[in-house]
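Novice: Provided below for reference: sequence and predicted model.
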Amino acid sequence: MDAWRQMTSDDLAEVDRIAGLVHADLPESMAVLAERLALFPQGCLMTEGGYAVAHPVRLGAPPPLDTLLGALPKDAGALHIHDLALLESRRGHGLGGAAMAHFIAVAKARGLARLSLVSVYGSHTYWSRFGFVQFAKAGLESYGPEAAYMERET
């Protein structure tokens, strides 16, 4: 994992700071990311100027933005990339690819054949470079007008 490490609860203040800069138009309670870390720590990564969070979900059912999960679904069909946030200065250094390699390995270890995500800010072209295909745009209102649900095989 080039420059990534496991996130800890001590990182949450920095995650909040980065989220406020990267996702100013899509704010999310720190309780949401703290819960993701508590429920699925192996899906929570940290690097200087960035973080990444993923967790199991039912296939085709991404949770609405800023929503607590309560628990991970027992019938999960995908590892959902909830967020990959990098400050501008950290983009273009291969961190996205390194996080993807980690998430693919985590999904395979859990027997999940798919990865899913909701692209925001028109980022679907970025995600398509990693093999993600757009499946839907409906039902994603909490993620903004440019949101698109995407999946790929692990």
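Specialist: The structure has been received and is ready for your questions. Numbers count the residues shown, from 1 in each chain.
Novice: can you list the low-confidence ranges for the chain?
Specialist: Within the chain, the set of residues satisfying pLDDT under 70 comprises 1-2, 138.
Novice: got a list of what residue 141 touches?
Specialist: residue 147 (C-beta atoms under 8 Å, 6 or more residues apart in numbering). In this view, the C-beta of every residue, glycine as well, is placed from N, C-alpha and C.
Novice: phi, psi of it?
Specialist: phi -50, psi -40 (degrees, to the nearest 10).
Novice: would you map the helices across the protein?
Specialist: 12-22, 30-39, 95-109, 124-128 (DSSP state H).
Novice: and the gap between residue 22 and residue 84?
Specialist: 10 Å (C-beta to C-beta, to the nearest Å).
Novice: go on, residue 75?
Specialist: 25 Å.
Novice: these two: which has the busier surroundings?
Specialist: A direct count of neighbours by other C-beta atoms under 10 Å for residue 75 and residue 84 places residue 84 higher, at 21 against 8.
Novice: hmm, back to that, so which of the helices of the chain gets nearest residue 153?
Specialist: helix 95-109 (9.4 Å; C-beta to C-beta).
Novice: residues in contact with the closest one?
Specialist: 1-4, 42-43, 45, 47, 50, 52, 54, 78-79, 81, 84, 86, 113-115, 126, 130, 154.
Novice: tally of neighbours for residue 64?
Specialist: Residue 64: 11 neighbours (other C-beta under 10 Å).
Novice: what do you get for the one 5 residues further on?
Specialist: Neighbouring residues of residue 69 were enumerated by other C-beta under 10 Å; the total is 17.
Novice: so it sits against residue 38, correct?
Specialist: No: at 10.0 Å, residue 69 does not count as touching residue 38 under the criterion of C-beta atoms under 8 Å.
Novice: and residue 83, how far is that from residue 75?
Specialist: Counting by C-beta to C-beta - residue 83 and residue 75 are separated by 23 Å.
Novice: whoops, I mixed them up, residue 56
Specialist: Relative to residue 75, and taking C-beta to C-beta, residue 56 is found at 9 Å.
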